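Undergrad: Please find the sequence and the predicted model below.
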Amino acid sequence: MNSPSEDLKEKAAHRIAANADELVALSHRIHAHPETAFSEQRAARWCAELLQAVGIEVQSGICDMPTAFSATAGTGPFTIALCCEYDALPGLGHACGHNIIAAAGVGAAIGLHDLTAELGIRLKVLGTPAEESGGGKVLLLERGAFADVDIAMMIHPAAIDSAAFRSFARTTIKVEYRGRAAHAAAAPHLGRNAADAMTVAQVAIGLLRQQLPDGCRVHGIAEEAGNAYNIIPSYAAGRFGVRARTVEGMRYVRARVEECLRAGALAAGCEFTISTPEPDYLDFRADDELASLFEANARSLGRNPIRIIPAASTDMGNISQVLPSLHATLAVGPGDAHPHQPAFATHCASDSADRAVLDGATALAWTAIDMARLRLGRLRSADLAGTSTTPVV
């Protein structure tokens, strides 16, 4: 005879399987129509439509973000949030597989929808735009979208299966150099070369890498550095990412990088400004209980989760430092396939990607069921403990 949890898991899995074609189609549709940060109009609408089709109420355009949404079901005191990302990478499409994330989150919600009363939970699906850049979850957090949430969960495609994901803290720096234009042949002495300032800064950052603490990363691009080779550029701009395993480490490295950017301005005789164009992404801190439950459920589906070292950054890190969070990864493509590479975009619409959608939806739903049952058991234990210690008057 099955336990109550096993019966509920069977019901969730059956509901997900019954909607498998729609979930895979959603993943493929988002993949075929990539939309970058804050412009994910179609992806957000398609997710909302599938949720509404099974009777889940959806509120679009939440928190002053047109491509964010919140969908809720149930009225229990324990709120579980499922995060759906759906933004694409500029120039690479869905080479990070957010189409899979969105479809898996919607699928988990479909699996849990009819079980909320029995589980005693309130289900909340959050459409979270602009993870690749812009910090959509940070903005949602600041504007109250997670205020009523007890735990938050999501899956992400990767090269391997992992339940206890870790990530770098990341800050973004934009630098702008302003010099003086001049004819590069007739009057070069009158110019102040903003592109030279950028070059000096990049060389300084390259040398700085020799002295960075282990696990730190600095990478960037020059976004603009002149328009004609015979005119000394009066303007140059670049963007740099600084990552470290902790927020403190990130701030230390950022300060060192800013010194390199100042050095470029000083060497070229230019003025400069430094800004932070998007919110900082904090390091992700996996909740051990959620990770253990997801790991067990993933193994039941034939997956083999392992522990991994930080390899990327996510705005889910900010959520994890406020409430218990899960950011599991599921393998898509061959073992050497990594996100943010052109080939990975192809893998994210493959058979392995379709399996990740359904496995991800099922494992998330099962983990939510486990957490709800555990919480119910703890509440009962607390009630019994309180009853046994109440004095008789």
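TA: The structure has been received and is ready for your questions.

Undergrad: Now do the helices in the stretch 201-350 of the chain.
TA: 247-268, 288-300, 316-320, 342-347 (DSSP state H, counting those that start in this stretch).

Undergrad: Just send these back as JSON lines, with distance to residue 224 and mean neighbour count too.
TA: Any C-beta I mention is one placed from the backbone N, CA and C, and that applies to glycine too. Shown next, in JSON lines, are these (distance: least, C-beta to C-beta, whole Å; neighbours: other C-beta atoms under 10 Å):
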{"stretch": "helix 247-268", "distance to residue 224": "15", "mean neighbour count": "18"}
{"stretch": "helix 288-300", "distance to residue 224": "43", "mean neighbour count": "19"}
{"stretch": "helix 316-320", "distance to residue 224": "30", "mean neighbour count": "25"}
{"stretch": "helix 342-347", "distance to residue 224": "24", "mean neighbour count": "18"}
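
Undergrad: Pull up the gap between the closest residue to residue 63 other than its chain neighbours and residue 365, please.
TA: The spatially closest residue to residue 63, leaving aside those adjacent along the chain, is residue 143, at 3.9 Å (C-beta to C-beta, 6 or more residues apart in numbering). With the distance defined as C-beta to C-beta, to the nearest Å, residue 143 ends up 27 Å from residue 365.

Undergrad: out of those two, which sits in the busier spot?
TA: Legend: neighbour count by other C-beta atoms under 10 Å for residue 143 and residue 365, higher for residue 365 (31 against 14).

Undergrad: What strand or helix carries that one?
TA: Here residue 365, judged by DSSP states H and E, is contained in helix 351-389.

Undergrad: List the buried residues in that helix.
TA: Using 16 or more other C-beta atoms under 10 Å as the test for burial, helix 351-389 gives 352-373, 375.

Undergrad: Contacts only, for the closest residue to residue 190 other than its chain neighbours.
TA: In space, and not counting its chain neighbours, residue 190 is closest to residue 182: 4.1 Å by C-beta to C-beta, 6+ apart. By C-beta atoms under 8 Å, 6 or more residues apart in numbering, the contact list for residue 182 reads 188, 189, 190, 191, 231, 232.

Undergrad: Identify the farthest-apart pair in those.
TA: Longest distance between any two of these is 14.4 Å, between 189 and 231; criterion C-beta to C-beta.

Undergrad: And these two? Which one has more around it.
TA: For the pair residue 189 and residue 231, the greater number of neighbours falls to residue 231 (14 against 6), based on other C-beta under 10 Å.

Undergrad: Do I have it right that the more buried one meets residue 183?
TA: Yes. Under the criterion of C-beta atoms under 8 Å, residue 231 makes contact with residue 183 at 6.8 Å.

Undergrad: leaving aside the residues next to it on the chain, what's closest to the spatially most central residue of the chain?
TA: The centroid of the chain falls nearest to residue 314 when counting by C-alpha atoms, centre = their mean (4.1 Å). Leaving aside its sequence neighbours, residue 314 sits nearest to residue 167 (C-beta to C-beta, 6+ apart; 5.2 Å).

Undergrad: Domain parsing of the chain, as residue ranges.
TA: 4-167+281-381, 169-275 (automatic domain parsing).

Undergrad: Now these in TSV, please, with extra columns for mean pLDDT.
TA: Shown next, in TSV, are the domains of the chain (pLDDT from 0 to 100):
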stretch	mean pLDDT
domain 4-167+281-381	95
domain 169-275	97
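
Undergrad: tell me the most buried of those domains?
TA: Among the domains of the chain, domain 4-167+281-381 has the highest mean neighbour count (mean count of other C-beta atoms under 10 Å), at a mean of 21.

Undergrad: Need the distance between the two termini of it.
TA: Using C-alpha to C-alpha, to the nearest Å, the end-to-end distance of domain 4-167+281-381 comes to 18 Å.

Undergrad: where along the chain do the strands fall?
TA: Using DSSP state E, the strands found in the chain span residues 57-60, 69-73, 78-85, 121-128, 151-158, 169-178, 217-224, 235-244, 271-275, 325-331.

Undergrad: so which of the ones you listed comes closest to residue 104?
TA: The nearest among these, by C-beta to C-beta, is strand 151-158 at 5.2 Å.

Undergrad: Who does the closest one pair with, and is each partner parallel or antiparallel?
TA: Strand pairing for strand 151-158, determined by DSSP bridges: strand 78-85 (parallel), strand 325-331 (parallel).
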